[in-house]
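Q: fold the following, please.
(4 chains)
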Protein chains: 2
Amino acid sequence: MAAELKTRRISVILADDHPVVRDGLAAMVNQQSDMEVVAEAGDGDEAITSYEQHHPDVLVLDLRMPKRDGVAVVQRVLEINPKARILIMTTYDGDEDIFQCLSQGAKGYLLKDAPRQEILAAIRAVSEDRPYTSSTVAAKALQRMGKPSLTQRELDVLQLVAEGRSNKDIARRLSITEGTAKTHVKAILTKLDAISRTEAVAVAHKRGLIHL
Amino acid sequence: MAAELKTRRISVILADDHPVVRDGLAAMVNQQSDMEVVAEAGDGDEAITSYEQHHPDVLVLDLRMPKRDGVAVVQRVLEINPKARILIMTTYDGDEDIFQCLSQGAKGYLLKDAPRQEILAAIRAVSEDRPYTSSTVAAKALQRMGKPSLTQRELDVLQLVAEGRSNKDIARRLSITEGTAKTHVKAILTKLDAISRTEAVAVAHKRGLIHL
DNA sequence: CGACCGCTCCCCCTTAAGATAGAGAGTCGG
DNA sequence: CCGACTCTCTATCTTAAGGGGGAGCGGTCG
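A: Below you'll find the predicted structure:
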């Protein structure tokens, strides 16, 4: 490690709520001669303030974090710097999560069970502003294409359905009539291609539309 | 690092399907003067064969792994060596998972978002055959006490309910009548204190009775 | 402006789900 | 051997859920 070190190292921020994962990534990254960890964050808010302070080459981001979830962090960071290079690193492989992050402007998306080499390759790719998406993840993103998306109201209803609420209960909570609640549920069933509300919950969970 | 190194180091096997997590734990453990990682495993079967080969002081085990899940590994390893010292390290905080592992003989249970110090303390405790359970986890285990447990058949039915199957469909798949399926569902609702099947799924998921 | 969309409400109708109660056959442990 | 438990099945009844329509109203956008 001598010659190629002249060029500046890739600076990386790690945002993950598990100290163990941060340690693992930090160990991997700092072992490389061409990159280094400049900061770590344990929740969404920390990730944003850290980004503002350090403006790293790459932000490695977990999707599920306390205080502010990954998608919101992506949105906020890209507001601060539209050219920010963000690599999503998560256990969630639902097409909705993937679609949301990538369409919002994240440069890469990979799963936590990825081998070391792939993780490092992804960081390098994203640092050069090249998108990185593993084939399985890309396939999921394509699956999402063509599928109808739910409206905000439908997502509200879906959330309550997933909690096991009845149509009547949902109506009360959303201050609408039971008939309207049923209309929304029907729309959800149609869009998710489900026969019953319970199946709708299963489908929505698999796709990452809801996180129980 | 000199004097206290005379006593043999605590040997540790790490079983987790995420390379990143294994790296993180390995880095943490190997930095300590009184412990070392002797093997790693990426799935349940590997964990068992690794244990048989090395007979480590502590087996750190993730619950959700390919091929064979954590609870099954705990069972098998304790068959091999009833005095095995197993520390569960997972993201799942459902009372059922915790109860199953601890009642089966795991010595410790902690969550992946635990701070470094707690993780190391847990490994040391378990290595000395002292049980380690964080207060929040212990509280969950106590919650489980008094709650009725489901029969195997009820778990079968619950699984299908969670997939969104109708009573008729469940009956066909289990080769029973729809009436019997309803009887099981009814028993499930009563035991889980739920009003509808969808709520039952939500409760069962929270408690860790099913993993979607 | 007119088309489109999202949200709201309404109707009727069929089917699935849940509540209640009873009962026979099998297994297991005291 | 006798409870206790599990699994199975039965029947009836009430209510919730789902299918198929239609329709008004406030936006937005070409």
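
Q: isn't A:Ile10 right up against A:Asp34?
A: Yes. The criterion here is CB atoms under 8 Å, and A:Ile10 meets it with A:Asp34 at 6.1 Å. All C-beta atoms are positioned from the backbone trio N, CA, C, and that covers glycine.

Q: higher neighbour count, the two?
A: Counted by other CB atoms under 10 Å in any protein chain shown, A:Ile10 and A:Asp34 do not tie: A:Ile10 has more neighbours, with 20 against 16.

Q: follow-up on the earlier one: quick check: neighbours shared by A:Ile10 and A:Asp34?
A: A:Arg124 (CB atoms under 8 Å, 6 or more residues apart in numbering or on different chains).

Q: what are the ranges of the helices in chain A?
A: With helices called from DSSP state H, chain A shows them at A:19-31, A:44-54, A:70-80, A:95-104, A:116-127, A:135-144, A:152-162, A:167-174, A:178-192, A:197-207.

Q: residues in contact with the residue most central in space within chain A?
A: Centroid-nearest residue in chain A, with CA atoms, centre = their mean: A:Leu63, separated by 4.0 Å. By CB under 8 Å, 6+ apart, the residues touching A:Leu63 are A:69-71, A:88, A:90, A:92, A:97, A:101.

Q: among these, who's most crowded?
A: Ranked by the number of neighbours (other CB under 10 Å), the contacts of A:Leu63 place A:Ile88 first, at 29 neighbours.

Q: out of everything not next to it in sequence, what's closest to that residue?
A: Leaving aside its chain neighbours, A:Ile88 sits nearest to A:Tyr109 (4.4 Å; criterion: CB to CB, 6 or more residues apart in numbering or on different chains).

Q: isn't that neighbour right next to A:Gln100, touching?
A: No. Counting by CB under 8 Å, A:Gln100 is not a contact partner of A:Tyr109; they are 10.2 Å apart.

Q: tell me which of the two has more neighbours.
A: Between A:Tyr109 and A:Gln100, counting by other CB under 10 Å, A:Tyr109 is the more crowded of the two (29 against 19).

Q: how about the residues of chain A near chain B?
A: Contact residues, chain A versus chain B (CB under 8 Å from any CB of the partner chain): A:17-28, A:91, A:112-116, A:119, A:161-166, A:194-203, A:205-206, A:212.

Q: need the helices of chain A in a markdown table (columns: distance to B:Gln152 and mean pLDDT).
A: Converted to a markdown table, the helices of chain A look like this (distance: least, CB to CB, whole Å; pLDDT from 0 to 100):
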| stretch | distance to B:Gln152 | mean pLDDT |
| --- | --- | --- |
| helix A:19-31 | 34 | 93 |
| helix A:44-54 | 41 | 96 |
| helix A:70-80 | 38 | 93 |
| helix A:95-104 | 34 | 92 |
| helix A:116-127 | 40 | 95 |
| helix A:135-144 | 34 | 92 |
| helix A:152-162 | 26 | 98 |
| helix A:167-174 | 32 | 98 |
| helix A:178-192 | 31 | 98 |
| helix A:197-207 | 21 | 98 |
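
Q: mind putting the ones you listed in TSV, distance to B:Asp129 included?
A: Listed next are the helices of chain A as TSV, based on distance: least, CB to CB, whole Å:
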stretch	distance to B:Asp129
helix A:19-31	24
helix A:44-54	38
helix A:70-80	40
helix A:95-104	42
helix A:116-127	34
helix A:135-144	42
helix A:152-162	43
helix A:167-174	50
helix A:178-192	50
helix A:197-207	40
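
Q: do you know which of the ones you listed lies nearest B:Asp43?
A: Closest of these to B:Asp43 is helix A:116-127, at 16.8 Å (criterion: CB to CB).

Q: who are the packing partners of that closest one?
A: Under the contact criterion of 3 or more CB pairs under 8 Å, 6 or more residues apart in numbering or on different chains; DSSP states H and E, helix A:116-127 touches strand A:10-15, helix A:19-31, strand A:35-41, strand A:58-61, strand A:86-90, strand A:108-111, strand A:132-133, helix B:19-31.

Q: partner strands of the fourth one and their direction?
A: When pairing is defined by DSSP bridges, strand A:58-61 lines up against strand A:10-15 (parallel), strand A:86-90 (parallel).

Q: winner for burial among those strands?
A: Most buried of these, by mean neighbour count (mean count of other CB atoms under 10 Å in any protein chain shown): strand A:86-90, with a mean of 25.

Q: which one of the helices and strands packed on helix A:116-127 lies closest to DNA strand D?
A: Distance to DNA strand D, taken as CB to the nearest atom of the strand, is lowest for strand A:86-90 among the helices and strands packed on helix A:116-127, at 26.7 Å.

Q: how far off helix A:95-104 does the closest one point, in degrees?
A: Computed by axes from the mean of the first three to the mean of the last three CA atoms, to 10 degrees, the angle separating strand A:86-90 from helix A:95-104 equals 170 degrees.

Q: what's the angle between strand A:86-90 and helix A:44-54?
A: Between the axes of strand A:86-90 and helix A:44-54, defined by the same axes, to 10 degrees, the angle is 150 degrees.

Q: I'd like the average pLDDT over strand A:86-90.
A: Looking at strand A:86-90 alone, the average pLDDT works out to 96.
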